[in-house]
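>>> show me the folded form of this:
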Amino acid sequence: MLVAAAVCPCPPLLVPEVAAGAAPELDRARAACTDALGVLAASRPDLMVVVGPAERSGRGTHAEGTPGSFRGFGVDLDVRLGTGRGTAAGRYLPPSLAVAAWLLERTGWSDAPIEGLGVGEPLEAERCIQVGRDIAARSERVALLVMGDGSACRTLKAPGYLDERAEAFDAEVARALGAADVAALKALDAELAYELKASGRAAWQVLAGAAEGTDLTGALLYEDAPYGVGYVVATWS
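Next comes the predicted model:
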């Protein structure tokens with residue numbers, strides 16, 4: 001059963017070494033992520049699953065101990081998911097889960113067994129929801145760390161250029177995540193999310209499936225769109 005969840009953005013720029021001189025711009029987001037992970041720790045889960053967007057090679061399950069790296073972003077920095085050392089040969093964390101591993105390392109997470117799940121943007125809503133149900137059924141006390149960004153079309157300089165639909169989409173996502181509104185997350189328009197380059201849609205719908213039948217309360221800790229990309233930090237507990 002899902003007992004807690006934290007929702008965080010997943011840009012590599014969240015890691016100060018990657019952001020370099022621009023690092024202070026995301027200080028509030030980092031602080032909110034730290035607070036969100038504190039909620040997960042306080043829930044005393046038996047199992048923690050980190051869910052985030054992934055390209056084809058990074059999809060599927062990532063065991064505790066799977067390594068990740070920010071070398072592809074020009075930084076000599078490696079991370080590992082949790083404290084374990086066992087992992088399939090040649091398996092590496094996708095960037096979203098590498099960011100999650102970095103967040104967990106900086107907060108000293110060691111409260112429960114942990115694993116990662118990379119989900120692809122094309123995964124249809126009902127499949128995402130079922131994946132969430134399956135995760136929640138795995139243990140009596142499950143926590144989720146859900147990584148994903150909102151639209152990438154909030155400004156002219158955004159990665160996806162300006163799309164006038166982006167602000168309203170991000171506002172609804174932030175409202176739903178902050179209110180633990182399972183029905184609203186299930187109803188997110190997958191096609192619109194894809195057009196707006198919102199990487200978090202599938203992961204948020206996994207969360208919606210996992211939270212079915214619970215009475216978790218949401219809290220919105222951070223909402224902004226630096227660099228023209230929608231970032232949200234929220235907790236469910």
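>>> how about the secondary structure of V232?
The three-state assignment at V232 reads strand, by DSSP: H, G, I helix; E, B strand; the rest coil.
>>> wait, isn't it in contact with A6?
No. Contact criterion Cβ atoms under 8 Å: V232 and A6 do not qualify, at 11.0 Å. In this view, the C-beta of every residue, glycine as well, is placed from N, C-alpha and C.
>>> who has more neighbours, the two?
Here V232 and A6 are compared on neighbour count by other Cβ atoms under 10 Å; more neighbours surround A6, at 30 against 27.
>>> wait, is the more buried one part of a strand?
Yes. Assessed with three-state DSSP, A6 lies in a strand.
>>> please tell me how far it sits from R165.
From A6 across to R165, the span is 27 Å (Cβ to Cβ, to the nearest Å).
>>> then D134?
32 Å.
>>> what does T61 give?
34 Å.
>>> what's the answer for A136, then?
32 Å.
>>> neighbour count for the two, which is higher?
Between A136 and R165, counting by other Cβ under 10 Å, A136 is the more crowded of the two (23 against 13).
>>> report pLDDT for the more buried one.
pLDDT for A136: 98.
>>> then H62?
On the pLDDT scale, H62 is placed at 95.
>>> contacts only, for the closest residue to it other than its chain neighbours.
Among residues not flanking H62 along the chain, G116 sits closest, at 3.5 Å (Cβ to Cβ, 6 or more residues apart in numbering). By Cβ atoms under 8 Å, 6 or more residues apart in numbering, the residues touching G116 are 49-52, 61-63, 66, 81, 93, 97, 100-101.
>>> which of those count as buried?
Buried by 16 or more other Cβ atoms under 10 Å: 49-52, 62-63, 66, 81, 93, 97, 100-101, out of the contacts of G116.
>>> how about the helices of this structure, start to end?
With helices called from DSSP state H, the chain shows them at 16-19, 27-42, 95-106, 125-136, 166-179, 182-186, 190-195, 201-210.
>>> please identify the deepest-packed of these.
Each of those was scored by mean neighbour count; the highest is helix 201-210, a mean of 28, by mean count of other Cβ atoms under 10 Å.
>>> mind giving me the packing neighbours of it?
Contacts defined by 3 or more Cβ pairs under 8 Å, 6 or more residues apart in numbering; DSSP states H and E place helix 201-210 against strand 2-8, strand 47-53, strand 114-119, helix 125-136, strand 142-147, helix 166-179, helix 182-186, helix 190-195.
>>> hmm, 7 Å instead?
strand 47-53, strand 114-119, helix 125-136, strand 142-147, helix 182-186 (3 or more Cβ pairs under 7 Å, 6 or more residues apart in numbering; DSSP states H and E).
>>> for D215, grab the count of nearby residues.
D215 - counted by other Cβ under 10 Å - has 6 other residues nearby.
>>> and the gap between it and P113?
Separation of D215 from P113 (Cβ to Cβ): 25 Å.
>>> V39 too?
For V39, the distance to P113 (Cβ to Cβ) stands at 18 Å.
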